[in-house]
Structure formats: C-alpha cells, structure tokens
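Undergrad: Quick one: sequence and predicted model below, then my questions.
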Amino acid sequence: MSISLGVHVGQQNMPMDEMRALWRKLDTSGVDWISAWDHFYEAPPKGGTEPHFEALTTLGALAAETRQARIGCLVFYIGYRNPALLAKAATTLDHISGGRFELGIGAGWHIWEASAYGYPFPDIGTRLDMLEEAAQIIRRMLTQERTTFSGIHYQVDDASCLPKPIQERLPIWIGGVGEKRTLKIVADHADGWNAAYLSPEEFSRVNEVLNQWCEDEGRDPASLKRAANVMFNLGLNEVDLARQRELLQRDWGAMAERTAAGALLCTPDQAVARILEYVEAGADEVNIALRAPWHAEALDAYLTDVMPRVRTEVG
C-alpha cells in the first residue's frame, strides 16, 4: 500500500511571486502533487472582492517552477473551455512539466462567477451531459491520431493534437460526488476520482457507490485512483485550533459545518490519524487545500512532521 500526499493551492489572496515560492517549497519538501483550482472569483464566494488568478495560465508557471511533484487542476469547469482546447492545453502543460501533468474536469458549481463573466450555467443535468461529452473528446484527442465527435454540446472534426503528451496515457480525473450520474461518468471515462471536503465516513460510503458503478460498467474498481481533498485548518495547540474554527465559520458561513467535516481541523498528532482514516476509507491520495492566509508554522509542521509519519504508517 502507498499514499500520495498533495497540496491543493488556491491561487487567491497572494502575489504571484509568493505563490511561486510556495510551489518551490512544496516541491522540494517532497509533496507528491500540487494543484490549482479553476475559478475567476475567490472560493468560497465573496462576490469577486478578492484577488484571484486564472487557472490555465497559473498552471504554466507551476509546471515551469517545479521539478518533482505531479501537477494539475482539481478541477476545470468544463463550461469555461472547449474540451479540444483543454486537450491541447493539457498536452502543452505535460511537455512544460516533463510529463507530470494530470487533467481534472468537472461539472462546476460557482454560478456567481460564471454569470459575472457571461458564461452560461445550465442545470446540473445539462452540465453533466457536457462533462460526459468532454471526457470522451479529451481522451480521444490525447490518444488518437485524429478525432471526430459530434455531440449535442461539443463537436470536433478530424482534429489532431500534436505533439502527443509525453505520458503514454495522460491521466484524466473527474471530480464530484453525485451518485447517479457523476460517479457513472467517472467509472466510464476517468483514470481518477476526486472528492472534496467529505468526512472519512462519507468518503468511504461514496467510494463504495463508485465501486458498484465500476462493477456495473464492467470495470475493475482497482483500476481507478481515488483522491480526497481536505481543508487545511491545522493548529499547533488549542488556541490555534480555536482560531481556525473561527476562520472556517467566517469564510464558509452556512457551509461551515459540512466543510469542517472534511477538514484537518486538528493538531499535527491528530492529523496523522485523520489522514489514515481516509486511507482506510479507500483514498489513494490525500490533498490538503490551502487558502491564503494560512498558519505558516502549521504548514511547516505538516510538511516536516505529519507527512513523514503518515508515510511510515502506510508503509
């Protein structure tokens, strides 16, 4: 058994130079994965009042600044970019990174930024139809010499994607926890599944639903990677933890309780056990989600103490 320990860095509320320095620190500290998210506005939503960088261009810098960690986006909202364009961008990022890029896609949720920027944000059923079409186009673009696809939402006509990615099979991740459609799309088309801010118990339950979809679709469940994103609210002591609870409540409001269930809202010693709960629940990868400003000493403790202890425990 092995575990990938990553960091999901929201590109908001910090200058680009600071973010690039953070990526370099994470890379040299031995994290296995570094990702961005795909927003135009801050998350959680505050009406576009906080500085935020666009994802694709941010990933170009991330690819160039790092040397070891796998990189990607968890996840691109499929409604913001044509899927053939995403395939081309993924290939380019794979070459910039030397074969370390992995592509995440999803059905989106941030209706406020989509509306502000003039993007349609249809009902969830339509967005899932778009996601399913996009996954098929992207896979073919990344693996076939030519791709033709005529769907309801997307079309490509004898399209090539050259050069091919460095990786023989560039992984496609699909994010989301919808049990009737999203997980079926994952089982049919993805290399990996990402779920954000679920408790270990809920992650385990939804993971079993995904296993059932794999079996129903004739797929070996073991062929699919599983990743859990958890909020980073680590505190070095009880005073720190009280402050982290306040911050989480302030930032997430009505969603705070649900988000806290999927957070490292604990001390470093407790964090080891908490991450191992996700491993027991079926996670191959656990990524802490950083939103600036965070507790710098707590992040150092995570990198230098928690990660090595988790890896020792997992073996």
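TA: Cool, the structure landed. Just so it is clear, the model here is predicted, and its values are computed rather than measured. Numbering: from 1, shown residues only.
Undergrad: Please count neighbours and contacts with C-alpha atoms only from this point.
TA: Fine.
Undergrad: what separates residue 59 from residue 25, distance-wise?
TA: Residue 59 sits 16 Å away from residue 25, going by Cα to Cα, to the nearest Å.
Undergrad: Neighbour count: these two, which is higher?
TA: Taking neighbours as other Cα atoms under 10 Å, residue 59 and residue 25 compare with residue 59 leading, 24 against 14.
Undergrad: Spatially central residue in the protein, please.
TA: residue 74 (2.3 Å; Cα atoms, centre = their mean).
Undergrad: Phi, psi for that one please.
TA: Main-chain dihedrals, residue 74, degrees, to the nearest 10: phi -120, psi 90.
Undergrad: ok, which stretches of the stretch 1-150 of the chain are helices?
TA: For the stretch 1-150 of the chain, applying DSSP state H, counting those that start in this stretch gives helices covering 16-28, 55-65, 83-96, 111-116, 124-143.
Undergrad: Contacts made by the biggest strand by length in the chain with the rest, please.
TA: The single longest strand within the chain, with elements called by DSSP state E, is strand 225-232. For strand 225-232, the external contacting residues (Cα atoms under 8 Å, 6 or more residues apart in numbering) are 8, 191-198, 203, 259-260, 262-265, 278, 282-290.
Undergrad: Report the distance from the helix or strand encompassing residue 194 to the chain centre.
TA: According to DSSP states H and E, residue 194 maps onto strand 192-196. Here strand 192-196 shows a centroid-to-chain-centroid distance of 7 Å under the convention Cα atoms, centre = their mean, to the nearest Å.
Undergrad: Equivalent analysis for stretch 8-17, please.
TA: With Cα atoms, centre = their mean, you get 15 Å for stretch 8-17.
Undergrad: if we can go back for a sec, my understanding was that the residue nearest to the centre of the chain contacts residue 102; is that so?
TA: No. Contact criterion Cα atoms under 8 Å: residue 74 and residue 102 do not qualify, at 9.4 Å.
Undergrad: intersection of neighbour lists for those two?
TA: Joint contacts of residue 74 and residue 102 (Cα under 8 Å, 6+ apart) are residue 173.
Undergrad: which stretches of the stretch 151-300 of the chain form strands?
TA: Assigned by DSSP state E, counting those that start in this stretch, the strands in the stretch 151-300 of the chain fall at 155-159, 172-175, 192-196, 225-232, 263-264, 285-290.
Undergrad: could you dump those to TSV with distance to residue 239?
TA: Listed next are these as TSV, based on distance: least, Cα to Cα, whole Å:
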stretch	distance to residue 239
strand 155-159	55
strand 172-175	34
strand 192-196	27
strand 225-232	16
strand 263-264	15
strand 285-290	20
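Undergrad: Check these for me and report the most buried one.
TA: Of the strands of the stretch 151-300 of the chain, the one with the most neighbours on average (mean count of other Cα atoms under 10 Å) is strand 172-175, at a mean of 26.
Undergrad: Contacts for that one, please.
TA: Against strand 172-175 from outside (Cα under 8 Å, 6+ apart): 74-75, 102-107, 139, 186, 190-196.
Undergrad: Strand partners (parallel or antiparallel) of the longest strand of the chain?
TA: strand 192-196 (parallel), strand 263-264 (parallel), strand 285-290 (parallel) (DSSP bridges).
Undergrad: contacts for the last one?
TA: What that stands for is strand 285-290. Under Cα under 8 Å, 6+ apart, the answer for strand 285-290 is 3-10, 33, 225-232, 264, 275, 278-279.
Undergrad: try it again with 7 Å
TA: 3-10, 226-232 (Cα atoms under 7 Å, 6 or more residues apart in numbering).
Undergrad: Which member of those is positioned nearest residue 304?
TA: For the contacts of strand 285-290, the residue nearest residue 304 by Cα to Cα is residue 5; the value is 12.5 Å.
Undergrad: Tell me where the stretch 151-300 of the chain has helices.
TA: Going by DSSP H, counting those that start in this stretch, the stretch 151-300 of the chain shows helices at 182-189, 200-216, 238-252, 256-261, 268-280, 296-301.
Undergrad: So which of these is nearest residue 64?
TA: Taking Cα to Cα, helix 296-301 is the member of the helices of the stretch 151-300 of the chain nearest to residue 64, at 23.1 Å.
Undergrad: Need the residues that contact the closest one.
TA: Applying Cα under 7 Å, 6+ apart, the contact partners of helix 296-301 are 234-236, 268.
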